[in-house]
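[1] what's the 3D shape of this:
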Amino acid sequence: MNKLLLGVLLGALSLLPVAGCKQIAEARKAAEALKAAASAVAQAKGPGISSEEDKDSELSLKLGEYIGCMNGTSKRVVDSRNRYLSWVDEKVGPTGKERNIYGLYEINADTCYPSLDRAKTMQPALPEVESAAAEYRKALEELDPIVKQANKYYDQNDYKDDKMAKGKALHPQLMSAFAKFEQVSKGFEDRVTTLNDGVNARQFARLEKDPSRRLQYLSQKSLNEAKALIKLTDIAELKELDLQKYDVAVQTYDKALTELEQYADSHKAEVDKAMMFSSYLSSAKTFLKSAKELLRRKRDNKDFNKEFFSKSSPSMVDGHPAQVVDTYNRMISDSNNLRY
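    Here you go, the predicted model:
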């Protein structure tokens, strides 16, 4: 199970693996930048005019709080579960006879709650999303203390003192809480993603019509194609990958990235004004490289699940879907820091 980040794309919020306050602050910062830009547009038009961009900026600020929370917390939950199940059989549970006992990761849920609290007070009113956010918080409040218990137990090697008794008792609690959170998180994320995709689509259309923001438009275009590509990598086995569709998606993304690179090369002054553009471009190239490795595996019928690290550290395996997702997430993270 791999978790895709939700990205703050080019000033408009877009759903996005790094947890913590910095990412939440970045999401909020980007939303505020969009609001400031929209306000400037409104002032230029004159008093009393409420543009689509003004409304999108308000919506983006609220979605940004949800996105910041999910990017830090949901990803951390998935990482913790994956870490645990890399050495524990989900059906059997820990036995104490495992070759390696790695434990799991703490979630640090406290970084998420302030964002949820702020979102509740913000406009526009989004009853369904706010209800889903409340369920998300409830599931997180149930999961977090169980994970803390388990993390302390394994971190302190206490299983050596009780013959794994507590580990065995915690296992069904962990699996139940992880499963509940996964279900609730999906409903919450789906609602936020739908609204956020709408914001991004409208922002992209505005960018396409504005020649003064060509670099921003081409960056957004590359992200859109990356998003279309990454959806095809949601596979557990190589045979599930549609070679023809995936090949087309890789080529389309490659073309969009080449167009962005060529424009950047011929507009140095514009690029120099864009903060963190070089980091974004670098991670975008890395994502393409990783995506091509998966394409080669499919073409050559070279199963990624037979590689040495495929279970314990799949993101280390070239051409593994987990690595493709990991490089995509880094690209999204870098896109969140872009400022034009």
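[2] could you pull out the strands for the stretch 1-150 of the chain?
    8-9, 12-13 (DSSP state E, counting those that start in this stretch).
[3] where among these is the average confidence lowest?
    When those are compared by mean pLDDT, strand 12-13 comes last with a mean of 32.
[4] number of residues surrounding residue 197?
    When counting by other CB atoms under 10 Å, one arrives at 13 neighbours for residue 197. Bear in mind the C-beta positions are built from the backbone N, C-alpha and C, glycine included.
[5] swap that for residue 269, please
    Other residues within reach of residue 269, judged by other CB under 10 Å, total 6.
[6] which SSE is it in?
    helix 268-273 (DSSP states H and E).
[7] what's that helix packed up against?
    helix 214-230 (3 or more CB pairs under 8 Å, 6 or more residues apart in numbering; DSSP states H and E).
[8] quick one: list the elements packing against the helix it packs on.
    With 3+ CB pairs under 8 Å, 6+ apart as the test, helix 214-230 has helix 165-208, helix 243-266, helix 268-273, helix 277-300, helix 321-336 packed against it.
[9] which one of those lies nearest to residue 113?
    In terms of CB to CB, the element of those nearest to residue 113 is helix 165-208, at 14.1 Å.
[10] how much does the closest one deviate in direction from helix 214-230?
    If you take axes from the mean of the first three to the mean of the last three CA atoms, to 10 degrees, helix 165-208 sits at 140 degrees to helix 214-230.
[11] roughly how far is helix 165-208 from the heart of the chain?
    Centre-to-centre, helix 165-208 and its host chain are 10 Å apart (CA atoms, centre = their mean, to the nearest Å).
[12] which helices and strands sit right next to that helix?
    Using 3+ CB pairs under 8 Å, 6+ apart as the test, helix 165-208 ends up in contact with strand 12-13, helix 52-85, helix 127-155, helix 214-230.
[13] deepest-packed of those, please.
    The highest average neighbour count among those, using mean count of other CB atoms under 10 Å, belongs to strand 12-13 at a mean of 32.
[14] and the residue nearest to residue 214 when sequence neighbours are not counted, how many neighbours?
    Excluding the flanking residues, the one nearest residue 214 by CB to CB, 6 or more residues apart in numbering is residue 263, at 6.5 Å. By the criterion of other CB under 10 Å, residue 263 has 16 neighbours.
[15] quick thing: my sequence starts at 142, can you match it?
    Yes, from this point I'll number from 142; that puts the last item at residue 404.
[16] one step back: I'd like the helices and strands packed on helix 306-349 laid out as CSV, including distance to residue 392.
    Formatted as CSV, those follow (distance: least, CB to CB, whole Å):
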stretch, distance to residue 392
strand 153-154, 27
helix 193-226, 29
helix 268-296, 36
helix 355-371, 10
